[in-house]
Structure formats: C-alpha cells, structure tokens
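J.: the amino acid sequence is not available; the structure is as follows:
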C-alpha cells in the first residue's frame, strides 16, 4: 500500500480536519508549510468565489492542501463545480466529502482526477464509503470534535475500517499528541486526521475570544443543541461535539423541546460575542489546549520526536 505521505505529497502522516468556520486558507497553508496536509472547511453557504479565494491562499507556494465538503448541503453541486474548476497551485490534492449520500459526489470528483476522502462513523457509513470508491477512509470516532456520529470510539471504528478495506485508513478523534499518533499507526492507521489541536492556532479563522474560551474549557458534550438553536438543517444522525457551556448542558438531550425563548437567548448571546453561546466545536482533548499557538508548533507536537 502506498504511504499516505507519498499519496498526499506531505512529510508527515497528518491531515488537519476541515473545520468549517475555523479552517480557512491561512490555516491550511500554515499546516501544509509545516509538512502536514492542511484542509479548508467549506460551510454549506460557502460560495464558489470563497472557495477559489481560500484555495489560492492555501496553495500559495505550491504546498499541497485539501478541501472539505458536506454531502448533505443543498449547495453541494455548486461547490463541487467550484472545486473542480480550480487549477494550478489552487488545485487541491485531496477533497473530503462526508455526512450524506456519497456515491455521486465521489464519482464527480473522480472524473476530474481528484483524490477523495470520506469520514465514517459506523458500519453503514463505512460500507457506503467503500462502495463509493473513496480513496481514503477517515475512521472518525465519537471522541472527535464537530459534527459526526457518536456511536463508536476511534479505536473501534478504526479496527472495523482496517478489516473492511485495503485502502488507506486514517484515524480521527482524540488524537492530540505524538503518542496518540504512534498508537493509532501501530494499530494499522495510515495516519491521523486532527482538528482540536489546531483550534487555538493564530492562523485559524475563529476569533481571539473563541480561542481563549477553548483554552479555558475542560469538557465537551455531544448534542444537536447549536444546530437546533440556529435552525441549521444538519441531519439528525450527525450531532456535534462542542464545549460544554451552560446552555449546551441545559439543552443537550432536550433539543426537540427547545423553546423559542431559548433560541432567542442563543441568538442574542452570539450577537454580542458571548462565548457561552458560540458553537465551540471541539473534541475530548479540549482540556489539552493550554494557550494560543501556531500551526507549525502543533504539527511538531504531533510528530514523534518533533
């Protein structure tokens, strides 16, 4: 099997997760410049112009980078058109498409010669990604931050994926140190897909206030609270792991009963920049975030001997 570093043109077997709202072109470029693969995370509302702009930033100087798309969003076809129109240094090395029907978007991306990764969180996801002929399988456990399933732990879904395919499988969820990377690679992973360690990077698109709140946080909770509060139509099966603020704790598990008053409270809190209401998506390793940092330092801490 070809090494993931050879497949992606990187020095290290590390991919930064395409965290929408956090991972723009600046963060992707900084991660890639440090020898890993930086990913841009496209929101459902991301326009073709935004995708082209961020890809130009990420690819400046010729470093490889990737773009992450969400399969469930109504704008997916338009976003795929935007990605496949990219050329030269703005052409991504990898495109991830996850969280929804996979076969058609993977087929379209393959038609343009692009490598495709798909995140999987249970046996159904895994089977669909394999049938869609994804080039890279991302075995994402419930420990991971942001959206996904919460049914299987990282070690469990990694083992299932490795048993089901001979394609490269990278592990995601709870990987924040060189020891974590070494552990999953010793279990057979081709590399690691990491998000939480990059959340407090100065190159990220989140605010300094959000980064400070992430440093102060000590726990996360899996729920649909932020999606319901904002009226975002994420499929019910894909909740999100976020910092366990008082509002999240109050409504986690009670999302369908959330009142209009509570939604208004959430909106007002976001409007005034109160991080108790900001969707601070993060994994179980949030308590390891101790200070604002930079992407090169994070990559070094993830590399054995770095």
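T.: Arrived safely, thanks for sending. This is a predicted model, so every value here is computed, not measured. Numbers count the residues shown, from 1 in each chain.
J.: any regions of this protein where pLDDT drops low?
T.: 306 (pLDDT under 70).
J.: tell me the domain ranges of it?
T.: 4-205+291-302, 208-277 (the TED database).
J.: so which residues of this structure form helices?
T.: Ranges of helices within the chain are 4-8, 25-33, 48-58, 76-84, 103-111, 123-131, 154-164, 178-186, 208-216, 225-230, 246-251, 260-271, 295-302, based on DSSP state H.
J.: please identify the most buried of the ones you listed.
T.: helix 25-33 (a mean of 26; mean count of other CB atoms under 10 Å). The C-beta positions use only the backbone N, C-alpha and C, and glycine is treated the same way.
J.: helices or strands next to that helix in the packing?
T.: strand 14-16, strand 38-41, helix 48-58, strand 65-70, helix 295-302 (3 or more CB pairs under 8 Å, 6 or more residues apart in numbering; DSSP states H and E).
J.: ok, back up a step: between the helices of the chain, which gets nearest to residue 194?
T.: Closest to residue 194 of those is helix 295-302 (CB to CB; 6.5 Å).
J.: the closest one vs helix 178-186, what angle?
T.: If you take axes from the mean of the first three to the mean of the last three CA atoms, to 10 degrees, helix 295-302 sits at 60 degrees to helix 178-186.
J.: contact partners of helix 295-302?
T.: Applying CB atoms under 8 Å, 6 or more residues apart in numbering, the contact partners of helix 295-302 are 12, 14, 16, 27, 30-31, 33-36, 38, 175-178, 180-181, 192, 194, 197-198, 201, 203, 306.
J.: again with stretch 258-275
T.: By CB under 8 Å, 6+ apart, stretch 258-275 touches 207, 209-210, 212-213, 225-226, 228-231, 245, 247, 250-251, 276-278.
J.: test my guess that residue 144 contacts residue 173.
T.: Yes: Residue 144 is within contact range of residue 173, at 3.6 Å (criterion: CB atoms under 8 Å).
J.: between those two, what contacts are shared?
T.: Residues within reach of residue 144 and of residue 173 at once, by CB under 8 Å, 6+ apart, are 154, 283.
J.: coming back round to it: now the domains of the chain as JSON lines including distance to residue 283?
T.: Formatted as JSON lines, those follow (distance: least, CB to CB, whole Å):
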{"stretch": "domain 4-205+291-302", "distance to residue 283": "4"}
{"stretch": "domain 208-277", "distance to residue 283": "6"}
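J.: re the thing from before, can I have the buried ones of the contacts of helix 295-302 as a PyMOL selection?
T.: Applying 16 or more other CB atoms under 10 Å to the contacts of helix 295-302, the buried members can be selected in PyMOL as follows:
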select buried, resi 12+14+16+27+30+31+33+34+35+36+38+175+176+177+180+181+192+194+197+198+201+203
